[in-house]
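K.L.:
Using only what follows, build the 3D model:
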Amino acid sequence: MRSKRGFFASIVLLLAVPTAVLYEMALGSGAGVVIHGALAVGSALMSRAVFDFKTPPWATWLGAASSGVLALVFFLQGGSDLGHHEGLTHLAYRVLGQGLEGRLADLFMVWCLVLLVADKHARTKVLGAICLASFVGVEVYGQGLAYHGTSLDARAPILKLLWLAPFVWLLVESAAGRGATASQEPGR
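P.N.:
Numbers count the residues shown, from 1 in each chain. Predicted coordinates for the structure are as follows:
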């Protein structure tokens, strides 16, 4: 396995939505706490996993910092959903969630793009390109809707699931072997 941390981070992030939906169906409320908790854990795991991939140091630190701060934002949003504290809700959603959360996700996607381009051994480049293009397409569509006075939530909220597409690629990329093992390397 190329990156156990990347594999588990991707699993947690991809299971966030279905777990929250099942939780909501079973208990009738609390999906916000569950999804933000899963996103916080997955983002925290991903902030460490970026070091398992071959990207330039600046990109590695960009990926680590952006996903680490995202983990904090999601943690605060989950705490806000759990505690219903007005001040925390204001900080978590209106201050951090409005602009910062989206910019941090974009910065993490820059790391993904650098990984796609820089890693010479990536065997899943086509899947990565498709998944990153899906993310970018939804972002561009959402920005276009905002320019015309509406939102992705109002027009096509199901498309938000495509924001998870890069984690499908990272899951596969994390599970992929590193190529030749030490016993297969020349001179061994």
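
K.L.:
Return the residues in contact with residue 37.
P.N.:
Taking C-beta atoms under 8 Å, 6 or more residues apart in numbering, we find residue 37 in contact with 74-75, 78. Bear in mind the C-beta positions are built from the backbone N, C-alpha and C, glycine included.

K.L.:
ditto for residue 65
P.N.:
Taking C-beta under 8 Å, 6+ apart, one finds 47, 107 in contact with residue 65.

K.L.:
tell me which element it falls in.
P.N.:
helix 57-83 (DSSP states H and E).

K.L.:
And for residue 2?
P.N.:
Applying DSSP H and E, one finds residue 2 in no helix or strand.

K.L.:
Neighbours of it, how many?
P.N.:
Residues within reach of residue 2, counting by other C-beta atoms under 10 Å, total 21.

K.L.:
just the one 10 residues further on next, same as before
P.N.:
Here the neighbour count serves as a burial measure; for residue 12 (other C-beta under 10 Å) it reads 21.

K.L.:
Next: the one 4 residues further on.
P.N.:
Number of residues near residue 16 (other C-beta under 10 Å) recorded here: 23.

K.L.:
Quickly find the element holding it.
P.N.:
Short version, using DSSP H and E: residue 16 is in helix 4-27.

K.L.:
Can you spell out which helices and strands pack onto that helix?
P.N.:
helix 31-49, helix 165-175 (3 or more C-beta pairs under 8 Å, 6 or more residues apart in numbering; DSSP states H and E).

K.L.:
tell me which strands and helices the last one is in contact with?
P.N.:
Under the contact criterion of 3+ C-beta pairs under 8 Å, 6+ apart, the helices and strands touching helix 165-175 comprise helix 4-27, helix 101-118, helix 125-147.

K.L.:
before we move on, back to that, taking helix 101-118 as reference, get the angle to the helix holding residue 65.
P.N.:
150 degrees (axes from the mean of the first three to the mean of the last three C-alpha atoms, to 10 degrees).

K.L.:
So which bits of stretch 97-109 are buried?
P.N.:
Neighbour-count burial for stretch 97-109 flags 97, 101, 104-105, 107-109 (criterion: 16 or more other C-beta atoms under 10 Å).

K.L.:
cool, and stretch 61-81?
P.N.:
By 16+ other C-beta under 10 Å, the buried positions in stretch 61-81 come out as 62-81.

K.L.:
what residue ranges in this protein score low on pLDDT?
P.N.:
By pLDDT under 70, the weakly predicted segments of the chain are 1, 121-122, 177-188.
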